[in-house]
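Enquirer: this one's structure only:
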């Protein structure tokens, strides 16, 4: 689905990603873990094309096409989605209008209102979200859990092929965490690829990763299958650095 080759990324002249290489496969859930300051969120913004994150060398290949220099909107149109750690409020814009506008940008022909309402209702039912949710302004007055559920709803409606979820579990209580995890599992298909960026094991108890990457100091230091998470829980990140 996506291949990252020897990627170097800097912010304001300081190198954060220092020669990172990894591959993400369709039909699989991947987890990216690592201590604070290791560069996980920087990688997510670089993959999405954030202009403040300068790619100084390396390549990003998405479905066989190099996208290293593509702007964010072009990447989104290709089927890449980023769920933010701290979603912004958009007062005066309902979730329904926001998502219909975003979806139409990705389509060759605009979706009609009746068809869009049907699509929204289907996805909200799948994710167990109150139908009244779509009438609220985007993230305005939302709790932490509601913001993250809104992000998962966006992912479900926009139907990207690659979804990058940056610390979706951050600040969630156990009930909200379970709800968000169930939503992720509900939208996963063999055609999709999901990358979950997280510090902790909690969300990975509900969303089982097929592959785990450990990032330290801007590089992938270790990768393995889902049981690698249990080793981290027992031993922390220090043993990886020592070895």
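Expert: Done, it's in. Computed from a prediction, not measured in an experiment: that's the story for all the values here.
Enquirer: how about low-confidence regions in the chain?
Expert: Applying pLDDT under 70 to the chain flags residues 233, 239, 241-243.
Enquirer: any chance you could map the helices in it?
Expert: Taking DSSP state H as the test, the helices found in the chain are 40-48, 72-78, 95-106, 113-126, 144-158, 174-187, 228-235, 238-242.
Enquirer: same list (the ones you listed) but as a markdown table, adding distance to residue 61.
Expert: For the C-beta atoms, the positions are set from N, CA and C on the backbone; glycine is no exception. Shown next, in a markdown table, are the helices of the chain (distance: least, Cβ to Cβ, whole Å):
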| stretch | distance to residue 61 |
| --- | --- |
| helix 40-48 | 11 |
| helix 72-78 | 12 |
| helix 95-106 | 21 |
| helix 113-126 | 30 |
| helix 144-158 | 22 |
| helix 174-187 | 24 |
| helix 228-235 | 25 |
| helix 238-242 | 27 |
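Enquirer: how about the ones you listed, which one is nearest residue 199?
Expert: Relative to residue 199, the nearest member of the helices of the chain by Cβ to Cβ is helix 40-48, separated by 8.4 Å.
Enquirer: identify the residues contacting that closest one?
Expert: Here helix 40-48 makes contact (Cβ atoms under 8 Å, 6 or more residues apart in numbering) with 2, 4, 7, 9, 11, 16-17, 20, 32-34, 52-53, 55, 60, 72, 75-76, 80, 82, 85, 164, 166-167, 195, 197, 215.
Enquirer: looking at the helices of the chain, which is nearest to residue 64?
Expert: Closest of the helices of the chain to residue 64 is helix 72-78, at 11.2 Å (criterion: Cβ to Cβ).
Enquirer: from the chain's centroid, how far away is that closest one?
Expert: Centroid separation for helix 72-78 versus its chain: 14 Å, with Cα atoms, centre = their mean, to the nearest Å.
Enquirer: and residue 118, how far is that from residue 97?
Expert: The spacing between residue 118 and residue 97, counted by Cβ to Cβ, to the nearest Å, is 16 Å.
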